[in-house]
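**Student:** With the input below, show me the fold.
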Amino acid sequence: MDQHYGGVIWTNHALQRLRERGIKQGDAWVTWRRPDKSRYATAQGAWIYYK
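**Tutor:** The predicted structure is shown next:
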């Protein structure tokens, strides 16, 4: 996995969680880049994206 994939900086924590969940980095990037739905998260300044 690449920490600068798709022009996004990926934290070690995010990459580890993707590995644990068996999610491809490209799939996570597409969800972030072109979500079907998004909303504010409970954490200030954060968003949740859905595909």
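
**Student:** what's the burial count for A28?
**Tutor:** When neighbours are defined as other CB atoms under 10 Å, A28 has 22 of them. Backbone N, C-alpha and C define where each C-beta goes, glycine included.

**Student:** Give the next helix or strand downstream of whichever strand or helix holds it.
**Tutor:** Assigned by DSSP states H and E, A28 belongs to helix 25-33. As assigned by DSSP H and E, the chain's next helix or strand after helix 25-33 is strand 37-40.

**Student:** any residues touching that following strand, and which ones?
**Tutor:** Contact partners of strand 37-40, identified using CB atoms under 8 Å, 6 or more residues apart in numbering, comprise A46, W47, I48, Y49, Y50.

**Student:** In a markdown table: those residues, plus pLDDT and distance to E20.
**Tutor:** Output for the contacts of strand 37-40, formatted as a markdown table (pLDDT from 0 to 100; distance: CB to CB, whole Å):
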| residue | pLDDT | distance to E20 |
| --- | --- | --- |
| A46 | 94 | 20 |
| W47 | 94 | 22 |
| I48 | 94 | 19 |
| Y49 | 93 | 19 |
| Y50 | 94 | 20 |
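
**Student:** which of these are buried?
**Tutor:** Y49 (16 or more other CB atoms under 10 Å).

**Student:** Go through the contacts of strand 37-40 and name the one nearest R33.
**Tutor:** Nearest to R33 among those is Y49, at 8.9 Å by CB to CB.
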